[in-house]
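1. I need the structure of the sequence given here:
(one chain, ligands or ions: 2)
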Amino acid sequence: MSVCILGIESSCDDTSVAVIKDGYLLSNHVAGQSIHQRYGGVVPELASRAHQENIVPLVDIALKDAGISMSDISAIAFTRGPGLLGALLVGTSFAKGLSIALNVPIIDVNHLQAHILVHFIQYPDKSTKIPEFPLLCLLVSGGHTQIVLVRDYLSMEVLGQTIDDAAGEAFDKCAKVMGLGYPGGPVIDALSKNGNPQAFYFSKPRVDGFNYSFSGLKTSFLYFLQDAVRQDQNFIEKNKNDLCASLQRTIIEILIENFRKAILQTNVNHIAIAGGVAANSALRVAVAELGKELSVEFFLPEKSLTTDNAAMIAISGYFKYLRGEFSDHSLPPLPRMPF
Ligand code: KG4
Ligand code: ZN
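-> Ligands and ions are numbered 1, 2, ... in the order given. The predicted structure follows:
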């Protein structure tokens, strides 16, 4: 019999619902929340309200698009954490309510592990190469920067992580300083295409092991700009493309340097990137080059599945379903859910 998983994601500012059938993605719909743009960052209470408005219509669209009905659902997978408590509560409560109504089990999913599992999604209309284990994954999002050794779908170990800001946060905060809006990553990516990555140099951190640090870069970028603007009020406007390209190069160099060390030390043959920053075009090129240089197979996720989505929650739920790992209805959301 087929296994049909309805996935629900509501950890931050994207509401998403997806359907995975026997490991194949049938539908994935995301409703972003533009309301946060005017505040330069996510406002938790506004995010919760928007999730509440979006979730029912999204379930409707996702089921229709997948060509299935409520009675076909085998289980409901939802993001338990990490994320914003109010936002997680919406998805968690909805999943529980619907599971009682349909008399199907619920499956709780860790959002971070789910970002990595997008690499194991299959598609009805095309064949894709799936990584083998062990896989070493660089997980780079707005809240996390980690090097993860993936031994199996549900067995992962963090080998190194940021001791302060995440890579996505560095993109977002530096973009804010330049007045580029939120989220800054995609804007910096786009502006960098017409900039010189060697135009400016910013300091890089020294951190032990496979760990990362991005708060020093953010501060040095800010001080550099304050000095430059004191001398020329229009400095940012005049140098926007070069600033973006140089900042992006620095962030990517920091990411790749440690990832290279970890690949060499763990001796893995398969590597991947995941998380929102994995959409970055220059990072994708850098990882492809790294894979070729070290003769390891590299996996770049579909761009549409790099930022928060429910397809990743549904595929994680699918693997848990196959192992009979269901959750109790008393399970609360976990804003600081550990890896
Ligand atoms: O994974 P995600 O959607 O949310 C979290 O779980 O954090 O990641 C969002 C992050 C933001 O910081 C955003 O600026 C960054 O991913 N991002 C990018 C790009 N697209 C999204 N950063 C650099 N280049 C991009 N193209
Ligand atoms: Zn995420």
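
2. C-alpha only now, for contacts and for neighbours.
-> Noted.

3. any idea of the pLDDT on the residue lying closest to Ala279 once chain neighbours are set aside?
-> The spatial neighbour of Ala279 that comes closest, neighbours along the chain excluded (Cα to Cα, 6 or more residues apart in numbering), is Lys303 at 5.3 Å. Looking at Lys303, its pLDDT stands at 96.

4. likewise Met1?
-> In this model, Met1 is scored at 86, pLDDT.

5. What parts of this protein come near ligand 1?
-> Residues of the chain found near ligand 1 (Cα under 6 Å from any ligand atom) are 141-143, 168-169, 171-172, 183-186, 189, 275-277, 279-280, 307-308.

6. Out of those residues, which sit inside strands?
-> The strands, defined by DSSP state E, take in nothing from the residues of the chain next to ligand 1.

7. Out of these, name the ones that lie in helices.
-> Of these, the ones assigned to helices by DSSP state H are Gly168, Glu169, Phe171, Asp172, Gly184, Gly185, Pro186, Asp189.

8. count of neighbours near the last one?
-> So that's Asp189. Residues near Asp189, counting by other Cα atoms under 10 Å, number 21.

9. what's near enough to touch it?
-> Listed by Cα atoms under 8 Å, 6 or more residues apart in numbering, the contact set of Asp189 reads Cys244, Ala245, Gln248, Asn280, Ser281, Ala282.

10. Between those residues, which sits nearest Cys4?
-> Among those, Asn280 lies closest to Cys4 (Cα to Cα), at 31.7 Å.

11. so what's the closest one up against?
-> Gly185, Pro186, Asp189.

12. Report pLDDT for the nearest residue to Thr128 once chain neighbours are set aside.
-> Among residues not flanking Thr128 along the chain, Gln122 sits closest, at 6.5 Å (Cα to Cα, 6+ apart). You'll see Gln122 listed with a pLDDT of 98.

13. ok, and what's touching stretch 251-264?
-> 136, 138, 147, 167, 170, 204-205, 210-212, 271, 282-283, 286-287, 290.

14. Restricted to helices, list those residues.
-> Using DSSP H, those in helices are Ala167, Ala170, Ala282, Leu283, Ala286, Val287, Leu290.

15. Nearest to Phe221 among these?
-> Within the ones in helices among the contacts of stretch 251-264, proximity to Phe221 (Cα to Cα) peaks at Ala170, which comes in at 9.9 Å.

16. pretty sure the closest one is in contact with Gly216, am I right?
-> No: with contact defined as Cα atoms under 8 Å, Ala170 does not count as touching Gly216 (9.6 Å).

17. okay, those two: which has more neighbours?
-> Counted by other Cα under 10 Å, Ala170 and Gly216 do not tie: Ala170 has more neighbours, with 25 against 17.

18. Contact partners for that one?
-> Phe214, Ser215, Leu217, Lys218, Ile251.

19. Show me which of those residues is closest to ligand 1.
-> Looking at the contacts of Ala170 and their distance to ligand 1, the nearest is Ile251, at 9.6 Å (Cα to the nearest ligand atom).

20. quick check, that closest one in a helix?
-> Yes: according to DSSP: H, G, I helix; E, B strand; the rest coil, Ile251 belongs to a helix.

21. And it, how far from Pro333?
-> 32 Å (Cα to Cα, to the nearest Å).

22. The two: who's more crowded?
-> For Ile251 versus Pro333, the count of surrounding residues by other Cα under 10 Å is larger for Pro333: 25 against 19.

23. For the more buried one, identify the helix or strand it belongs to.
-> When elements are assigned from DSSP states H and E, Pro333 belongs to no helix and no strand.

24. Next: Ala245.
-> Secondary structure (DSSP H and E) places Ala245 in helix 235-266.

25. What are the buried residues along that helix?
-> 235-236, 240-252, 254-256, 258-260, 262-263 (16 or more other Cα atoms under 10 Å).
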